[in-house]
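Student: The following block contains a protein sequence and its predicted model.
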Amino acid sequence: MILRCIDWKPLSLSACLLAAAWIAPAQSFDATNLQRPTTLDMPILFRAGDDLSWARPDLDDSKWMVVDPKRSLKDYFPNGPPADVAWYRLHIKVSPAQSGLALEEQNLASAFEIYLNGRRLLVNGRFAPYTAYTNGADIITQVPGQEIASGSLTLALRVHISKVDWRDSNPGLASGNLVLGEQSTLRDRFWREWLGDNTPGYLGFVLGLCLGFVALALFTAQRERTEYLWLFLSVILIGPPLMVLESLTAVHNLPLWVEAAGLCEVPLAKITIVGLGLAFLRIKVHLRIKVVIGAAVLLEAVGLGGGTLQWFGAPVLYALELPLLLILWIGFPIAFLLHFRRGDREAGILLIPWLLFSVDFLFGQVLVWTALIPSLRHTSTRIYLAVYDSHLGPFQLDFQGVVNCLWAISWGLILVWRTIRLSREQERLEGELEAARQVQQVILPEENYSVPGFSVETVYKPAQQVGGDFFQVLPTSDGGLLLVLGDVAGKGMPAAMLVAVLVGAVRTLARFTSEPAEILAELNVRLLGRTNGGFSTCLAALIHTDGGVKLANAGQLAPYLNGCEVETPGALPLGILPDQVYETCSFHLEPGSRLTFYSDGIVEAQNQQGELLGFELGRELAMRPAHEIAAAASDFGQHDDITVVTIERQPVPEGAARAIPATGHLPLAASLLKPA
């Protein structure tokens, strides 16, 4: 998750454990009674130069120089490397009856060859032309049985010592580079140590990956929370590439350019950490900030690439990566601290692991730079191994791994905290919607209102809890009907509030006028300035007792008369322009005839194949009962509110005339809001 890229190869333990400055005489190593794997770090023969004949087992090496792998080659050659290529020789006595003997090599050199009795056993990199490879892989090679049968093994090492290699604290052969033992024992030990060292890291990687995908899922639902996207990217770019690269280089040495290419994602991964911090703190990224961050990333990219390809040594690498590390582990902790002091609790949660990473960074920098001082190198390395290479049983447990886990836990706490807050907010909104639904149910009739001379049927099926469909069916003073039906653009509480405004206005206006055009004009005035750029379609129809119909339309779907669409004059919806004039059309509703009014939820019903119900099928449904029309649209695929009102003229039975109150207040025949 959080990455601190420091090259500790120059600080390997084998390069710092220097023995006393005496030279032991060369002697053969007796492996006839080898009980366990043994490190070949005894005094060994050395000669600068290059001659392939020096690999021969019968070569007279009695006059070769004797060096101690526990000491640095620089102690023997203080004026610089004696040559680009050097050879080491060691005589090993074995029992001809031995079997399964193997040689283990690790961290020898970027280019080397190992010969056994004159036969090349291992090779890494190339000498001419010089091609450097990684050398961290643990290579276990079986010693051929025919060589063991001879009873004597001559181990010859051809090692390339470049100028960059010479900058290392212990170039060439060092203590711990070669181990001799049983092949099965060596392999078991390697996998046991590898699993112990890497299992905590892989568990942390899996934990981080799960956290990253949770963050990605949250980002798809909350696009304004860009820190979720940055968190996912940081996990993806840091975890998998480094895990793959480390796993490969643990068992195979690769050309340095391959490792350099793999490390190119390190600066990119750190950009995601920078982006995560900026997005989390809501810091606006101005041009100057972009330039500073871009320059720091470029410097680290040059440092990682150049250091890996041996263009320069560790001091230059550390200096080039320093600016970006200062931004990450000094600049951001200060910013988090300032936000926490302003009351940002989430910043306080992340401040703890970020401060620990800062401590880790500062402590590591001290060790890095003190390790470059020869007199302090040994002490620095011991401290590094104690802090970053400690073990809990078979498992590696280092400070940085602990902070990585704390980082993941902190983000998990933030996500849980935000989820709880969202849940509480959702409960509050649901309570408000429930209250709105209950208010709307108060004005909803439990059954259709019957007006003498007319059969009125209404059906309403909301698509969500609250929205914008509404209608009112009111009796007039002369025994006729006034219908107002419409749809407010938008969803949720804002649309429901506008519906309430329109319904109240309709019921008020009906006391003074029944003219459809006047009602629409007044509703348009009431709605202006209250829609926040929205609008409402609406239709008003006045039906007299003799069947005469006057109708005005403001963008609503035209009704159907006996299954045929009624042509209505067009006009803009309500709430768009002031002083809008609405025209009226007139026609006659014969006894037994039916008027059918739809909302757009009928014709815009959509099935799983994306097909719309459409106007053709809507017209075919117009002569069916209202509940059948609504059911057909719902079964086809409801995506919006469905409102259906059918009015059929019937003969008025004698004595069924209804009295209208003298006050002029009209009883509510039907009103419908989108329930919560």
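Tutor: Yep, that arrived. Numbers count the residues shown, from 1 in each chain.

Student: low-scoring stretches of the stretch 51-200 of the chain, by residue?
Tutor: Within the stretch 51-200 of the chain, not a single segment meets pLDDT under 70.

Student: Repeat that for the stretch 301-450 of the chain.
Tutor: Ranges of the stretch 301-450 of the chain meeting pLDDT under 70: 436-449.

Student: Go again with 50.
Tutor: For the stretch 301-450 of the chain, the stretches with pLDDT under 50 are 444-447.

Student: those strands in it, which residues are they?
Tutor: 391-392, 395-396 (DSSP state E, counting those that start in this stretch).

Student: what does the last one contact?
Tutor: Outside of strand 395-396, the residues that reach it under the criterion CB atoms under 8 Å, 6 or more residues apart in numbering are 196-201, 389-390. The way it works is simple: take the backbone N, C-alpha and C, and place the C-beta from them, glycine included.

Student: hmm, back to that, wait, which of the strands of the stretch 301-450 of the chain is closest to residue 379?
Tutor: strand 391-392 (21.0 Å; CB to CB).

Student: Go ahead and name everything in contact with the closest one.
Tutor: 196, 397.

Student: ranking the strands of the stretch 301-450 of the chain by burial, who's on top?
Tutor: strand 395-396 (a mean of 17; mean count of other CB atoms under 10 Å).

Student: Pull the number of nearby residues for the nearest residue to residue 55 once chain neighbours are set aside.
Tutor: Excluding the flanking residues, the one nearest residue 55 by CB to CB, 6 or more residues apart in numbering is residue 115, at 3.8 Å. Residues near residue 115, counting by other CB atoms under 10 Å, number 22.

Student: My understanding was that residue 115 contacts residue 147; is that so?
Tutor: No - with contact defined as CB atoms under 8 Å, residue 115 does not reach residue 147; the gap is 10.8 Å.

Student: downstream neighbour of the longest helix anywhere in the chain in the secondary structure list?
Tutor: Counting residues, the longest helix found in the chain (DSSP state H) is helix 399-442. Counting by DSSP states H and E, the next helix or strand C-terminal to helix 399-442 is strand 454-461.

Student: how far is the very next helix or strand once past that following strand from where the chain is centred?
Tutor: Next helix or strand after strand 454-461 toward the C-terminus (DSSP H and E): strand 469-475. How far strand 469-475 lies from its chain's middle: 50 Å, per CA atoms, centre = their mean, to the nearest Å.

Student: So what are the sheet partners of strand 469-475 and their directions?
Tutor: strand 481-488 (antiparallel), strand 670-672 (antiparallel) (DSSP bridges).

Student: quick check: mean pLDDT across the longest one?
Tutor: Yep, that's strand 481-488 we're talking about. The pLDDT scores in strand 481-488 average 92.

Student: Please name every helix or strand in contact with the helix or strand following that strand.
Tutor: As assigned by DSSP H and E, the chain's next helix or strand after strand 481-488 is helix 492-509. If you count contacts as 3 or more CB pairs under 8 Å, 6 or more residues apart in numbering; DSSP states H and E, helix 492-509 packs onto helix 399-442, strand 469-475, strand 481-488, helix 516-527, strand 536-543.

Student: need those in CSV with distance to residue 28, can you?
Tutor: Formatted as CSV, those follow (distance: least, CB to CB, whole Å):
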stretch, distance to residue 28
helix 399-442, 43
strand 469-475, 98
strand 481-488, 98
helix 516-527, 103
strand 536-543, 101
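
Student: Of these, give the one that comes closest to residue 223.
Tutor: Comparing the helices and strands packed on helix 492-509 by CB to CB, helix 399-442 comes nearest, at 14.8 Å.

Student: how far does the closest one sit from the chain's center?
Tutor: Taking mean C-alpha positions (CA atoms, centre = their mean), helix 399-442 and its chain are 19 Å apart.

Student: From the contact counts, what lies against it?
Tutor: helix 183-221, helix 345-371, helix 374-388, helix 492-509.

Student: and the angle from whichever helix or strand comes after the first one to helix 345-371?
Tutor: I take that to be helix 183-221. Beyond helix 183-221 in the direction of the C-terminus, DSSP H and E gives the next helix or strand as helix 226-251. Put simply, helix 226-251 runs at 30 degrees to helix 345-371, going by axes from the mean of the first three to the mean of the last three CA atoms, to 10 degrees.

Student: Starting from helix 226-251, tell me the next helix or strand along the chain.
Tutor: Next in sequence after helix 226-251, counting helices and strands by DSSP H and E, comes helix 256-262.

Student: if we can go back for a sec, how about the helices and strands packed on helix 399-442 in a markdown table, adding distance to residue 307 and mean neighbour count?
Tutor: Formatted as a markdown table, the helices and strands packed on helix 399-442 follow (distance: least, CB to CB, whole Å; neighbours: other CB atoms under 10 Å):
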| stretch | distance to residue 307 | mean neighbour count |
| --- | --- | --- |
| helix 183-221 | 23 | 16 |
| helix 345-371 | 13 | 18 |
| helix 374-388 | 18 | 16 |
| helix 492-509 | 57 | 19 |
